[in-house]
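Engineer: What would the 3D arrangement of this be:
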Amino acid sequence: PGTYTMKAKLEGYTDWLYLASVEESKTTIMNINMLKKGGRVSLKNVNFKSGSSDLTKESFPILDDAVIVLSANSQVKIEIQGFTDDRGKSDKNLLLSQERAESVKDYLVLKGIDESRILTKGFGETMNIADNENEENRAKNRRIEFIILQQ
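Structural biologist: Numbering: from 1, shown residues only. Just a heads-up that it's a prediction; the model follows:
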């Protein structure tokens, strides 16, 4: 039992790092998603206060995991992409998505990731992954994704 740093390596992909808590008499199964140049990673549970670019506290552990991976892979450059649902005016959603991507970048930089490794881009409501007919689908559309530009 204890907390361990787990690392996986595969040629052509970025190293995968994870802090794992192991409990006595429990089996843990993990899926390892290796990152490849051009790969897209959707950051689940990175959320913002409604209508703003202020990160919620539930976002910090996920972003802290991203800091661990980026720190271990100093050659990796990413683009942070922000997306919104279709509530509100399109031009405001486009601006909000850019501000949210910038907010994630600011957090990563604050935690020690070199700013020159990060680009940001907001897409507003232009690239929805679900219809906006109900709150569950709108929540899917409000997301942050990382694109691996260089590994």
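
Engineer: check contacts around the spatially most central residue of the chain.
Structural biologist: In the chain, the residue lying closest to the centroid (CA atoms, centre = their mean) is residue 43, at 3.4 Å. When contacts are counted by CB atoms under 8 Å, 6 or more residues apart in numbering, residue 43 touches 62-63, 66, 104, 143-146. Where C-beta positions appear, they are placed from N, C-alpha and C, glycine not excepted.

Engineer: Which of the helices and strands in this protein ranks last by mean pLDDT?
Structural biologist: Across the helices and strands of the chain, mean confidence by mean pLDDT, DSSP states H and E is lowest for strand 16-22: a mean of 78.

Engineer: that older thread, now, the contacts of residue 43 that are in strands?
Structural biologist: Secondary-structure check on these using DSSP state E: residues within strands are 143-146.

Engineer: Okay, now the unreliable bits of this structure?
Structural biologist: 33-34, 37 (pLDDT under 70).

Engineer: Which helix runs longest in it?
Structural biologist: What stands out as the longest helix in the chain, according to DSSP state H, is helix 90-110.

Engineer: Any chance you could give me that helix in CSV, C-alpha atoms only?
Structural biologist: Taking Å, rounded to 0.1, in the frame of the first residue of the first chain, the C-alpha atoms of helix 90-110 are listed here in CSV:
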residue,chain,number,x,y,z
SER,A,90,-22.0,32.9,-31.1
ASP,A,91,-19.5,35.8,-30.9
LYS,A,92,-19.6,35.7,-27.0
ASN,A,93,-19.2,32.0,-27.0
LEU,A,94,-16.2,32.2,-29.3
LEU,A,95,-14.6,34.7,-27.0
LEU,A,96,-15.5,32.7,-23.9
SER,A,97,-14.0,29.5,-25.3
GLN,A,98,-10.7,31.4,-26.0
GLU,A,99,-10.7,32.9,-22.5
ARG,A,100,-11.2,29.4,-21.0
ALA,A,101,-8.3,27.9,-23.0
GLU,A,102,-6.2,30.9,-21.8
SER,A,103,-7.3,30.2,-18.2
VAL,A,104,-6.1,26.6,-18.5
LYS,A,105,-2.8,27.8,-20.0
ASP,A,106,-2.4,30.3,-17.1
TYR,A,107,-2.8,27.4,-14.6
LEU,A,108,-0.3,25.2,-16.3
VAL,A,109,2.2,28.1,-16.5
LEU,A,110,1.6,28.9,-12.9
